[in-house]
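Visitor: Sequence and predicted model, in that order:
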Amino acid sequence: MSVDYLLQIIGPILEGAKNTILLFLIAIVLSIPLGFGITLLANSSIKLLSWLAHTFIYITRGTPLLLQLLFFCFGLPMLPIIGDYLVFDRFVAAGLAFILNYAAYFAEIFRGGLLSIDKGQHEAAQVLGLSKWQTMTKVIVPQMIRVALPSLANESITLVKDTALLYAVAVPELLHFAQTAVNRDFTITPFVLAGIIYLLMTLVLTLLFKGLERRFKFE
C-alpha cells in the first residue's frame, strides 16, 4: 500500500463521503422532529390520528429499509395515475425513504421516553399553574430527552452505517467509490479506507452524544 496509491483513491472516496454525510445530516435533522411529531399523534386522544400514527410506525418498522429505498426510487413512478408526478432525483427519493424510516424508529424511542416520566410530573406542573405547552416544553421534554439520548445515539450511529444502502440504488456514496476502486485495482485497501472513514464518523457522533448526555445529566 503506497502513499501514491492512497492519494490516488482518497479523492474519489472523500467525494463519495460527501453524499454519505449529506444524507445523514438531512435524515437526522428532519427525522428527529418528525419522529417526535408522530409520537404526539400516536398519543393523541383523536383515535383516527392515533391509529394513523401507529399504522405508519408498524409498516415502516416492519419492512426492510432496503425495500423502502427501492420503492421510493423505482416504485413511486410506477404508481397508476400519480406515478408521473412522483419521479424524483435518486438522491432525493432515497432521502425521503431514510427520513420516514428513521422517523418511525425515533417515534418509538420518544414514546419510551414519555412513558418513563411519572404522571405526577404532569400533576405537579398543573399545581404550579403551568399551561400544557409550558408543561411539555419545560418539564416533560427535557426529562424525555435525558432518557432517550442513549437510544438516539445508537440509532444515529446505525443511520451512518445504513447510508451504505445507497449503493443498492446506484447513488454514488462512500461505499460505491470504494467498491469501484476495489474492482479496478484488485486490492482491499479502498475498503479499509472506507471503514476508517465510517469509524471516524461514528466516533464524532459518539463523542457528541456523550457530551449531550453529560450536559443533561447535570441539568
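Guide: Yep, that arrived. These numbers were taken from a predicted model, which means no experiment stands behind them. Numbering: from 1, shown residues only.
Visitor: gap between Ser45 and Ile188?
Guide: 56 Å (Cβ to Cβ, to the nearest Å). For glycine as for every other residue, the C-beta is placed from the backbone atoms N, C-alpha and C.
Visitor: And those two? Which one has more around it.
Guide: Ranked by neighbour count (other Cβ atoms under 10 Å), Ser45 and Ile188 place Ile188 first, with 13 against 6.
Visitor: Select the longest helix from the protein.
Guide: Using DSSP state H, we find that the single longest helix of the chain is helix 3-42.
Visitor: what about it, distance to the chain center?
Guide: From the chain centre to the centre of helix 3-42 is a distance of 9 Å (Cα atoms, centre = their mean, to the nearest Å).
Visitor: how about that helix: buried residues?
Guide: Within helix 3-42, the residues that count as buried by 16 or more other Cβ atoms under 10 Å are 9, 12-13, 16-17, 19-21, 23-24, 26-28, 30-32, 34-36, 38-42.
Visitor: and the next element down the chain from that helix?
Guide: helix 47-62 (DSSP states H and E).
Visitor: which residues are contacting that next one?
Guide: Contacts with helix 47-62, where a contact means Cβ atoms under 8 Å, 6 or more residues apart in numbering, come from 38-39, 41-44, 68, 100-101, 103-105, 107-108.
Visitor: Could you identify the buried members of the residues you listed?
Guide: Buried, going by 16+ other Cβ under 10 Å: 38-39, 41-42, 68, 100-101, 103-105, 107-108, out of the contacts of helix 47-62.
Visitor: can you put the residues you listed in a markdown table and add distance to Gln134 and pLDDT?
Guide: Compiled in a markdown table, the buried ones among the contacts of helix 47-62 are given as follows (distance: Cβ to Cβ, whole Å; pLDDT from 0 to 100):
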| residue | distance to Gln134 | pLDDT |
| --- | --- | --- |
| Ile38 | 23 | 95 |
| Thr39 | 19 | 94 |
| Leu41 | 21 | 93 |
| Ala42 | 22 | 92 |
| Gln68 | 38 | 95 |
| Leu100 | 31 | 96 |
| Asn101 | 33 | 97 |
| Ala103 | 26 | 97 |
| Ala104 | 29 | 96 |
| Tyr105 | 29 | 96 |
| Ala107 | 23 | 95 |
| Glu108 | 26 | 94 |
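Visitor: between the strand or helix carrying Leu205 and helix 3-42, how many degrees?
Guide: Using DSSP H and E, Leu205 maps to helix 189-217. Angle, helix 189-217 to helix 3-42, by axes from the mean of the first three to the mean of the last three Cα atoms, to 10 degrees: 40 degrees.
Visitor: Helix 189-217 - contacts with which helices or strands?
Guide: Helix 189-217 sits against helix 3-42, helix 141-162, helix 174-185, with contacts defined as 3 or more Cβ pairs under 8 Å, 6 or more residues apart in numbering; DSSP states H and E.
Visitor: between it and helix 141-162, how many degrees?
Guide: Relative orientation of helix 189-217 versus helix 141-162 (the same axes, to 10 degrees): 180 degrees.
Visitor: now the residue lying closest to Val182 once chain neighbours are set aside: how far from Leu96?
Guide: Excluding the flanking residues, the one nearest Val182 by Cβ to Cβ, 6 or more residues apart in numbering is Pro190, at 5.1 Å. Applying Cβ to Cβ, the value for Pro190 to Leu96 is 29 Å.
Visitor: State the pLDDT value of the residue nearest to Gly83 when sequence neighbours are not counted.
Guide: Excluding its sequence neighbours, the residue lying closest to Gly83 (Cβ to Cβ, 6+ apart) is Pro77, at 4.9 Å. pLDDT, Pro77: 89.
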